[in-house]
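J.: The following block contains a protein sequence and its predicted model.
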Amino acid sequence: MAKDQRRGQIFVRCLRVNLTRLEEKCKQRTGAVQNYRN
């Protein structure tokens, strides 16, 4: 159980890293739209 839980935490961490990278790419591409939204 503990092993699976740790694997899940690593998976979530990887997802978060990928999401932040995607957000950075989107911000670079659509800077004006992002500023307007905020």
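T.: Sure thing, it's come through. Numbering: from 1, shown residues only.
J.: Quick check: which element contains the residue nearest the centre of the chain?
T.: With distances taken as C-alpha atoms, centre = their mean, residue 19 lies nearest the centre of the chain, 1.7 Å away. Using DSSP states H and E, the element containing residue 19 is helix 2-29.
J.: what's the neighbour count on residue 2?
T.: Per other C-beta atoms under 10 Å, the neighbour tally for residue 2 reads 6. From N, CA and C alone the C-beta is placed, and that goes for glycine too.
J.: Equivalent analysis for residue 15, please.
T.: For residue 15, using other C-beta under 10 Å, the count is 10.
J.: and the gap between it and residue 7?
T.: 13 Å (C-beta to C-beta, to the nearest Å).
J.: Can you list the low-confidence ranges for the protein?
T.: The chain contains residues with pLDDT under 70 at 1, 32-38.
J.: switch to 80 and redo it
T.: 1, 30-38 (pLDDT under 80).
J.: re earlier: would you pull up how far the helix holding residue 19 lies from the middle of the chain?
T.: 5 Å (C-alpha atoms, centre = their mean, to the nearest Å).
J.: returning to that earlier point: which residues lie in contact with the residue nearest to the centre of the chain in this structure?
T.: Residues in contact with residue 19 (C-beta atoms under 8 Å, 6 or more residues apart in numbering): none are found.
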